[in-house]
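Novice: I need the structure of the sequence given here:
(one chain, ligands or ions: 1)
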Amino acid sequence: MLYLASQSPRRRELLGQIGEDHRTLDVDVEEIRQPGEAAKAYVSRVARDKARAGFARVAGEAGARVLGADTEVILGDEVFGKPRDHDDAVAMLRRLAGQEHRVLSVVWLVEQGAERCAVSESTVRFARLSEAAIGAYVASGECMGKAGAYAIQGRAATFIEHLAGSYSGVMGLPLYETSQLLQGQ
Ligand SMILES: Cc1cn([C@H]2C[C@H](O)[C@@H](COP(=O)(O)OP(=O)(O)OP(=O)(O)O)O2)c(=O)[nH]c1=O
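Specialist: So this is what the prediction gives:
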């Protein structure tokens, strides 16, 4: 049985999109970047911790495989996770406006005796945004629970001038890379 160790509705929907039959596991992993920890190392560590925490719950089942993922928005050396509140979301969107940033999604697959991962890195360019546009977006509530305080699959689609990489990766689960991982590639 394949498990997805995630509480993210986007990840559940995305894994369903490619027809992968799975069950979900609710895991709670602390997302705190260590001082000096490189962005990619941090995203990978958190994704692996989620997959390991999930696997610990089902390790007794023969053939259990567990996916865990993490997505973060990276601007220069800064890592933007999910905003704490609306003020934090406004501050993130002000920084992203008119700029190009990276979105890093790492997926780990943990099973008995093996742990493997896949990485997806995308580049997203935001249009310049007025204070009114940022205010209206944050008031819509869509920013909450999303890395970088935006959702490409939602109204924030109107902010994105250019994307190079993986749409599903930005949304939280890179489907090409995940399917390669599941096929053992
Ligand atoms: C950039 C971006 C992120 N997101 C979401 C995907 C993730 O759910 C979230 C990033 O937070 P994560 O910490 O990666 O995931 P999560 O806490 O939501 O879920 P879990 O740890 O249980 O798997 O941001 C979008 O939905 N759209 C976007 O465009």
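Novice: only C-alpha atoms for contact and neighbour calcs from this point on.
Specialist: Noted.
Novice: correct me if wrong: Ile74 contacts Val103.
Specialist: Yes - if you go by C-alpha atoms under 8 Å, Ile74 and Val103 touch, sitting 6.0 Å apart.
Novice: more crowded one of these two?
Specialist: Val103 (24 against 21; other C-alpha atoms under 10 Å).
Novice: so what's that one bridging to?
Specialist: Judged by DSSP bridges, the bridge partners of Val103 are Val73, Ser122.
Novice: could you list the buried residues of the helix or strand containing His162?
Specialist: If you go by DSSP states H and E, His162 is part of strand 160-164. Of all the residues in strand 160-164, those buried under the rule 16 or more other C-alpha atoms under 10 Å are 160, 163.
Novice: who touches it?
Specialist: 122-127, 152 (C-alpha atoms under 8 Å, 6 or more residues apart in numbering).
Novice: for those residues, pick the one with the most neighbours.
Specialist: Neighbour max across the contacts of strand 160-164 (other C-alpha under 10 Å) = Val124, 23 neighbours.
Novice: for Phe126, see how far away the residue lying closest to that one once chain neighbours are set aside is.
Specialist: Leaving aside its chain neighbours, Val124 sits nearest to Leu163 (4.6 Å; criterion: C-alpha to C-alpha, 6 or more residues apart in numbering). Leu163 sits 9 Å away from Phe126, going by C-alpha to C-alpha, to the nearest Å.
Novice: ok, now Arg65?
Specialist: In this view, Arg65 and Phe126 are 37 Å apart by C-alpha to C-alpha.
Novice: kindly report the same for Val119.
Specialist: 22 Å.
Novice: show me the helices in the protein, by range?
Specialist: Here the chain has its helices, by DSSP state H, at 9-17, 39-58, 86-96, 131-140, 167-171, 175-182.
Novice: can I get the ones you listed in CSV including distance to Gln112 and mean neighbour count?
Specialist: Below are the helices of the chain laid out as CSV (distance: least, C-alpha to C-alpha, whole Å; neighbours: other C-alpha atoms under 10 Å):
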stretch, distance to Gln112, mean neighbour count
helix 9-17, 21, 15
helix 39-58, 9, 21
helix 86-96, 40, 18
helix 131-140, 43, 14
helix 167-171, 26, 22
helix 175-182, 14, 17
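Novice: of all these, which one comes closest to the ligand?
Specialist: The minimum distance between the ligand and the helices of the chain falls on helix 167-171, with 3.9 Å, by C-alpha to the nearest ligand atom.
Novice: who touches the closest one?
Specialist: 10-11, 14, 71, 103-105, 120-122, 151-153, 174-175.
Novice: quick check, that helix touching the ligand?
Specialist: Yes - remark: helix 167-171 sits within contact range of the ligand at 170-171, by C-alpha under 6 Å from any ligand atom.
Novice: so how far is that helix off the chain centroid?
Specialist: Distance, stretch centre to chain centre, for helix 167-171: 8 Å (C-alpha atoms, centre = their mean, to the nearest Å).
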